[in-house]
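Chemist: here's a sequence, model it:
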Amino acid sequence: QVQLVESGGGLVQTGGSLSLSCAASGRKFSDYSLAWFRQGPGKARELVAYMPWTSSVTTYAESVKGRFTGARNNAEKTASLQMSSLKPEDTAVYYCAMYSVGRYDSAEAWMYWGQGTQVTVSS
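Modeler: Alright, predicted model coming up:
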């Protein structure tokens, strides 16, 4: 059984920074791709960052490129998302996901999810 636990969300002003963490347990972490998704009020869940198990290169949504940095630590079974220059439109619940069985940019393709952590950016 896989468990993902996110932490680090909170309230920040426009232009500020936050760091999210995701701790995993259960499966062999290094064998699976990871991703960060977010879901804003009244919006569909969208991909923020994708970290494949085969590469150290992270793929980002256009809306966060240059502002967010995703990383994984296989030894510690953790993932992180460093967010800077935050904007009100970044306000959302952020989720860590593990093990994609289809298109990595589709939320439906991911098998395991954390409970989510709220990020609120005030204007």
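Chemist: can you give me the neighbour number for the nearest residue to Leu11 once chain neighbours are set aside?
Modeler: Distances taken as Cβ to Cβ, 6 or more residues apart in numbering put Thr120 closest to Leu11, at 4.7 Å, once the chain neighbours are dropped. Yep, even glycine has a C-beta here, placed from its N, CA and C like the rest. Per other Cβ atoms under 10 Å, the neighbour tally for Thr120 reads 15.
Chemist: then Gly114?
Modeler: Gly114, neighbours per other Cβ under 10 Å, totals 23.
Chemist: correct me, but it touches Ser21?
Modeler: No. In this structure, Gly114 is not within contact of Ser21 by Cβ atoms under 8 Å, at 10.2 Å.
Chemist: next, show the common contact partners of the two.
Modeler: Jointly contacting Gly114 and Ser21 under the rule Cβ atoms under 8 Å, 6 or more residues apart in numbering are Glu6.
Chemist: if anything else comes up later, I'll come back, but that's it for now.
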